[in-house]
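> I would like the atomic coordinates for the input below:
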Amino acid sequence: MSLSHPTERGHVPAPLRQAAIRQMLGRHSSVSIVELAEELKVSQMTVRRDLDELARQGELRRTHGGAVPAERMAFSFGLEGRRQAHARAKQAIAARAAELVAPGQRLILDAGTTVLELAHLLRDRKDLTVITPSLAVAAELQFSDGIEVILVGGSVRSGAASLAGVITETVLDMLRADLAFTGTDGVDLDGNLYTADLRVARVDQLIRRRAAKTYVLADSSKIGQTALVRHGRLAQIEALITDDGIARASLAKLRRAGQVIVVKAGHSRPSRPRAKEYT
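Sure thing, here's the model as predicted:
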């Protein structure tokens, strides 16, 4: 990823620089500060700051004069494309969900890109226990000093970043959580929750039983959609958290089926959204 054409003011935004560094580390076993500064058209001091930030996130390890890939679970699950779809909505939903989390709580974080956004927001929290069947969530939180991560066992789902099956269900059934946050493949307007995978349906049903409160995180593109397996209803969870892309008629019908929290996703704004709730 070459950034030889910086922005008009000569400033390459930090997220773009850091994305370029990740790509270079993916192609090479090491990178140097001098090489990065030349490639990115920025100062060596700026590169050092970027490397320090990526090292703090556990994405690389600093060396004298450069960096090497971190000795960590370098999961490449093809999630990035799905994570970028409806990104602002997912970030706003995750921000609202993060407000529900308090120190000392035990959480279940299920698979799904919106739940992964929530994990990202929780990384610097203290005194939390996170139970998850998601390899991506575990990777996101593995260097968080204030979070104990319990990765449940099981069979890796083909083409996915999560675990399922008898072992997953057995381990989950041993545990108890204060809050659970799950995703979904669809929510119809009668309040039914859907997934495309029967194994995931069983895991989601068990998660609801093992958590005192469950929140489903789903951007508005999922509303009105169905999939192969119906595994629950809005009436069985604490609330659905979605974004303001939902049609008002659909929202009114959904609220007859259960509790719905809607956040403003700021679709027209380029900056990271500030989650705001409306009724």
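> now for the helix or strand that contains L121, which elements pack on it?
Element membership for L121 (DSSP states H and E) is helix 113-122. Applying 3 or more Cβ pairs under 8 Å, 6 or more residues apart in numbering; DSSP states H and E, one finds that helix 113-122 contacts helix 79-84, helix 87-98, strand 106-109, strand 128-132, helix 135-141, strand 177-182, strand 211-217. Yep, even glycine has a C-beta here, placed from its N, CA and C like the rest.
> Serialize those to CSV and add fields for distance to A196, mean pLDDT and mean neighbour count.
Listed next are those as CSV, based on distance: least, Cβ to Cβ, whole Å; pLDDT from 0 to 100; neighbours: other Cβ atoms under 10 Å:
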stretch, distance to A196, mean pLDDT, mean neighbour count
helix 79-84, 13, 56, 13
helix 87-98, 19, 94, 24
strand 106-109, 20, 98, 25
strand 128-132, 20, 98, 22
helix 135-141, 18, 87, 23
strand 177-182, 14, 98, 24
strand 211-217, 16, 98, 22
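> now L206, what's its secondary structure?
Following DSSP: H, G, I helix; E, B strand; the rest coil, the label given to L206 is helix.
> So it is in contact with D173, correct?
Yes: L206 lies in contact with D173 (Cβ atoms under 8 Å); the separation is 6.3 Å.
> gap between E99 and D110?
19 Å (Cβ to Cβ, to the nearest Å).
> These two - which one has more neighbours?
Each of E99 and D110 has its neighbours counted (other Cβ atoms under 10 Å); D110 has more, 25 against 10.
> hey, what's the closest residue to that one other than its chain neighbours bridged with?
In space, D110 comes closest to T182 once its chain neighbours are excluded; the distance is 3.9 Å by Cβ to Cβ, 6 or more residues apart in numbering. Beta-bridge pairing of T182 under DSSP bridges involves V216.
> Next one: T182 from L240, what distance?
Going from T182 to L240 by Cβ to Cβ gives 10 Å.
> try R230
Separation of R230 from L240 (Cβ to Cβ): 15 Å.
> Quick check: phi and psi on the residue nearest to L60 when sequence neighbours are not counted?
Ranked by Cβ to Cβ, 6+ apart and with sequence neighbours excluded, the top spatial neighbour of L60 is A67, at 4.4 Å. Backbone geometry at A67, expressed as degrees, to the nearest 10, gives phi -160, psi 160.
> Could you tell me the per-residue confidence at A67?
pLDDT for A67: 90.
> That one contacts L54, correct?
Yes: proximity of A67 to L54 meets the contact threshold set by Cβ under 8 Å, at 7.4 Å.
> Now for these two: what residues contact both?
21, 60 (Cβ atoms under 8 Å, 6 or more residues apart in numbering).
> Bridged to the residue nearest to L60, which residues?
Beta-bridge pairing of A67 under DSSP bridges involves V31, R62.
> ditto for V149
Legend: beta-bridge partners of V149 under DSSP bridges are V130.
> what about it, how many neighbours?
The tally of other residues near V149 (other Cβ under 10 Å) stands at 19.
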